[in-house]
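Asks: From the sequence below, what's the structure:
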Amino acid sequence: MNESNTFYIKILSPVHIGCDDVYEPSGFIVKEQAQTLSAFDPLDFFKSLDDRAKAQYAAICAKGTIESIFELYKFMKTQSFDGATVHLSKGFVKHYKECLSKSFRDFQREMNQFSIARTSFNPNSQKPYLPGSAIKGALRTAYLNEAAKKERITLDRLDRKKSETLEKGLLHYQKLENDPFRLLKVSDFHPIDDYRTKIVYAVNEKKRAESRFKARGPYQIIEIIEPGAVFVGTIQVVTPQAREVISLPLTEQGIFDSAALFYKKEKQREDAELKTAGLTPFMTENAKDACLLRLGRHSGAESLTIEGYRDIKIMKQRGEKTFSDKATTFWLASDAATGYQKSDLMPFGWTEMARLTDEMNAHLEQQRAEMEARTGIVSVPNVSDSQTKEKQTIISSPPVEEVWENAFVSFNAGSGGVVTAQGPDKTTAVIRSKEKAAAITDGSLQKKLFEGKKTLPKARVTVRKTGNAWEIVRIEPAG
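Replies: Purely as a prediction, here's the structure:
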């Protein structure tokens with residue numbers, strides 16, 4: 001199968017997909033009465049100010065001290081400016097007001113925890129999206145779990161790359177070019193209708209209600225995509241070429257059957273654990289032919305690992321740690337950092353995925369026509385029905401992927417780590433976060449890139465274009 005098929009993903013519980021970005025104090029205003037946050041480009045905000053306010057704003061930003069952050073929050077509280085709207089939980093609004101009413105010394109104690117992590121977003125439209133890499137990762141985890149039921153892989157306990165060895169064994173490959181998932185192409189999924197994002201708290205709760213100790217994880221403030229939002233994108237399973245050695249080629253049916261089985265079982269496991277902990281599971285009514293999928297941060301260690309091989313780190317008192325095949329706590333979405341009702345907490349990451357329905361396609365076509373009439377801009381052509389072989393993403397063209405042979409790659413350890421690749425015509429692509437970069441870099445190159453000279457003069461780099469930006473998808477040895 002080489003055609004792209006169009007799917008939708010519906011958000012069932014709060015989803016946060018990290019992007020190593022936060023809402024900076026200079027780029028948002030909290031509207032307490034409306035319980036919303038208005039996010040904007042600081043330069044646009046600066047241009048809107050009168051001369052006196054410009055001077056004050058510039059002076060605060062120029063200080064670059066911890067005290068100036070507190071001053072900036074105070075200054076922004078007095079301003080008004082419209083931008084992208086993010087909804088706020090009541091608990092956050094209360095927390096925000098309390099923090100700004102404190103002395104600087106008291107504010108300083110909470111400042112690090114007051115960071116607001118953004119969910120993945122399109123830098124041009126500011127709209128949230130579901131990265132294709134996250135969706136592909138969820139499908140891969142499910143497929144590996146089903147493969148692990150049929151075959152047992154013996155691992156060396158001293159192997160420092162046990163997870164890599166396990167995946168290679170279950171999928172029957174040794175080199176990256178023989179990994180069957182290399183031929184699974186998943187586009188980014190973009191919102192197609194009304195959606196809302198909201199600032200909530202991720203709070204930690206013990207799985208055993210009778211535990212003498214409280215969960216130790218400090219709360220986090222994060223932006224989530226609220227339940228009900230629908231995203232659309234394409235998925236393609238490419239047929240291997242004759243010269244390609246793929247021991248276990250993928251099929252679309254096999255991928256989705258494994259996802260349906262694994263995530264249904266995971267939902268049942270989590271529901272039972274929530275009840276045991278005195279918490280309330282949330283109910284789902286999946287659409288016909290839809291399968292559950294779990295995406296994003298705080299999805300639970302069990303949903304991210306392979307049953308029978310789990311080795312989950314458990315932190316104990318006084319910094320001690322042990323390992324288990326089960327996590328001992330949940331991360332749950334809450335409207336407040338403390339004082340919440342446990343019955344109001346929700347697990348993160350649950351979605352459902354299915355092929356785009358005719359009804360959805362008709363609705364999207366109506367939206368497209370209305371947008372063209374309103375703006376005069378012709379949008380992406382229609383997605384044909386299931387009988388048509390050529391299918392496209394409704395909202396935007398599927399991201400373009402290219403392979404840059406002999407690309408120059410460099411690593412900068414600052415700001416959490418940034419890897420940059422330079423391809424033809426000096427076009428550049430990046431990936432932020434050392435952890436993410438390491439995950440897509442071939443093992444044979446990691447020491448040289450991250451520990452040695454921090455450059456690769458020649459490498460084979462797969463990149464994906466989203467909007468006007470290029471993102472690194474894979475770094476391999478030059479051919």
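Asks: Domain-wise, how is this structure divided?
Replies: 5-15+129-195+205-212+227-355, 18-119, 400-477 (automatic domain parsing).
Asks: Minimum distance to residue 218: which of the ones you listed has it?
Replies: Residue 218 sits nearest to domain 18-119 of all the domains of the chain, at 6.3 Å, using C-beta to C-beta. No exception for glycine: its C-beta is placed from N, CA and C like everyone else's.
Asks: Kindly present the domains of the chain as TSV, with separate columns for mean neighbour count.
Replies: Below are the domains of the chain laid out as TSV (neighbours: other C-beta atoms under 10 Å):
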stretch	mean neighbour count
domain 5-15+129-195+205-212+227-355	17
domain 18-119	15
domain 400-477	16
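Asks: now the ones you listed in CSV, with mean pLDDT and distance to residue 367?
Replies: Listed next are those as CSV, based on pLDDT from 0 to 100; distance: least, C-beta to C-beta, whole Å:
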stretch, mean pLDDT, distance to residue 367
domain 5-15+129-195+205-212+227-355, 85, 7
domain 18-119, 90, 19
domain 400-477, 83, 20
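Asks: of all those, which lies closest to residue 366?
Replies: Proximity to residue 366 (C-beta to C-beta) singles out domain 5-15+129-195+205-212+227-355 among these, at 10.8 Å.
Asks: How far off centre is the closest one?
Replies: Taking C-alpha atoms, centre = their mean, to the nearest Å, one finds domain 5-15+129-195+205-212+227-355 lying 12 Å from the centre of the chain it belongs to.
Asks: same thing with stretch 124-138?
Replies: With C-alpha atoms, centre = their mean, you get 6 Å for stretch 124-138.
Asks: Contacts for that stretch, please.
Replies: Contacts to stretch 124-138, defined as C-beta atoms under 8 Å, 6 or more residues apart in numbering, come from residues 9, 15, 17, 39, 84, 119-122, 181, 184-191, 195, 197, 225, 229, 231, 233, 235, 259, 293-296, 353, 399, 464, 467-468, 473.
Asks: Would you reformat the domains of the chain as a markdown table and include distance to residue 366?
Replies: A markdown table is the format used below for the domains of the chain (distance: least, C-beta to C-beta, whole Å):
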| stretch | distance to residue 366 |
| --- | --- |
| domain 5-15+129-195+205-212+227-355 | 11 |
| domain 18-119 | 24 |
| domain 400-477 | 25 |
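Asks: tell me the strands in the stretch 1-150 of the chain, going along the chain?
Replies: Along the stretch 1-150 of the chain, the segments classed as strands by DSSP state E, counting those that start in this stretch run 5-11, 18-22, 28-31, 36-39, 84-88, 116-119.
Asks: which secondary structure elements does the third one contact?
Replies: Packing partners of strand 28-31 (3 or more C-beta pairs under 8 Å, 6 or more residues apart in numbering; DSSP states H and E): strand 36-39, helix 66-77.
Asks: same question, the longest one
Replies: Strand 5-11 makes packing contacts with strand 230-237, strand 350-355 when contacts are defined by 3+ C-beta pairs under 8 Å, 6+ apart.
Asks: now swap in the last one and tell me
Replies: Packing partners of strand 116-119 (3+ C-beta pairs under 8 Å, 6+ apart): strand 18-22, strand 220-225.
Asks: of those strands, which approaches residue 62 most closely?
Replies: strand 18-22 (20.6 Å).
Asks: Let's see the closest one as CSV, backbone CA atoms only.
Replies: In CSV, the C-alpha atoms belonging to strand 18-22 read as follows (Å, rounded to 0.1, in the frame of the first residue of the first chain):
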residue,chain,number,x,y,z
GLY,A,18,5.8,19.1,25.1
CYS,A,19,7.7,21.3,22.7
ASP,A,20,10.3,22.7,25.1
ASP,A,21,8.6,26.1,25.0
VAL,A,22,6.9,28.1,27.7
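Asks: hmm, back to that, save the strands of the stretch 1-150 of the chain as a markdown table, and put in distance to residue 343 too.
Replies: A markdown table is the format used below for the strands of the stretch 1-150 of the chain (distance: least, C-beta to C-beta, whole Å):
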| stretch | distance to residue 343 |
| --- | --- |
| strand 5-11 | 21 |
| strand 18-22 | 27 |
| strand 28-31 | 28 |
| strand 36-39 | 26 |
| strand 84-88 | 21 |
| strand 116-119 | 25 |
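Asks: quick one, which of the ones you listed is nearest to residue 251?
Replies: Once these are compared by C-beta to C-beta, strand 5-11 is nearest, at 12.6 Å.
Asks: distance of residue 180 from residue 237?
Replies: 9 Å (C-beta to C-beta, to the nearest Å).
Asks: again with residue 129
Replies: Between residue 129 and residue 237 the distance is 22 Å, computed by C-beta to C-beta.
Asks: Same check on residue 223?
Replies: 33 Å.
Asks: how close does the nearest residue to residue 41 once chain neighbours are set aside sit to residue 104?
Replies: Spatial nearest neighbour of residue 41, chain neighbours left out: residue 27 (6.9 Å); criterion: C-beta to C-beta, 6 or more residues apart in numbering. For residue 27, the distance to residue 104 equals 22 Å [C-beta to C-beta].
Asks: Run through the helices of the protein in chain order.
Replies: Ranges of helices within the chain are 42-48, 51-63, 66-77, 90-100, 104-110, 132-150, 162-171, 252-276, 358-375, 434-439, 443-450, based on DSSP state H.
Asks: what angle do the fourth one and helix 66-77 make?
Replies: Which is helix 90-100. Relative orientation of helix 90-100 versus helix 66-77 (axes from the mean of the first three to the mean of the last three C-alpha atoms, to 10 degrees): 120 degrees.
Asks: Contact partners for residue 437?
Replies: Here residue 437 is in contact with 411, 417-419, 431, 450, 472, 475 (C-beta under 8 Å, 6+ apart).
Asks: Going by distance to residue 144, which of those wins?
Replies: residue 475 (22.2 Å).
Asks: Find the nearest non-adjacent residue to the closest one, please.
Replies: Nearest non-adjacent residue to residue 475, counting by C-beta to C-beta, 6+ apart: residue 441, 4.4 Å away.
Asks: okay but the one you found is in contact with residue 449, surely?
Replies: Yes - with contact defined as C-beta atoms under 8 Å, residue 441 counts as touching residue 449 (6.2 Å).
Asks: Please list the residues outside stretch 275-285 that contact it.
Replies: 12-13, 205-209, 267, 270-271, 274, 292, 330, 332, 342-343, 345-347, 350, 352.
Asks: cool, stretch 165-182 as well?
Replies: 136, 140, 143-144, 147-148, 151, 153, 155-156, 159, 244-250, 306, 309, 442, 474, 476.
Asks: let's go with 6 Å and repeat that
Replies: Residues outside stretch 165-182 that contact it (C-beta atoms under 6 Å, 6 or more residues apart in numbering): 140, 144, 147-148, 153, 159, 245-250, 309, 476.
Asks: can you check stretch 33-42 too?
Replies: Taking C-beta under 6 Å, 6+ apart as the rule, stretch 33-42 contacts 26-30, 81-88, 93.
Asks: With distance to residue 357 added, can I get those in CSV?
Replies: Formatted as CSV, these follow (distance: C-beta to C-beta, whole Å):
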residue, distance to residue 357
26, 43
27, 38
28, 37
29, 39
30, 39
81, 40
82, 35
83, 34
84, 29
85, 29
86, 29
87, 28
88, 33
93, 38
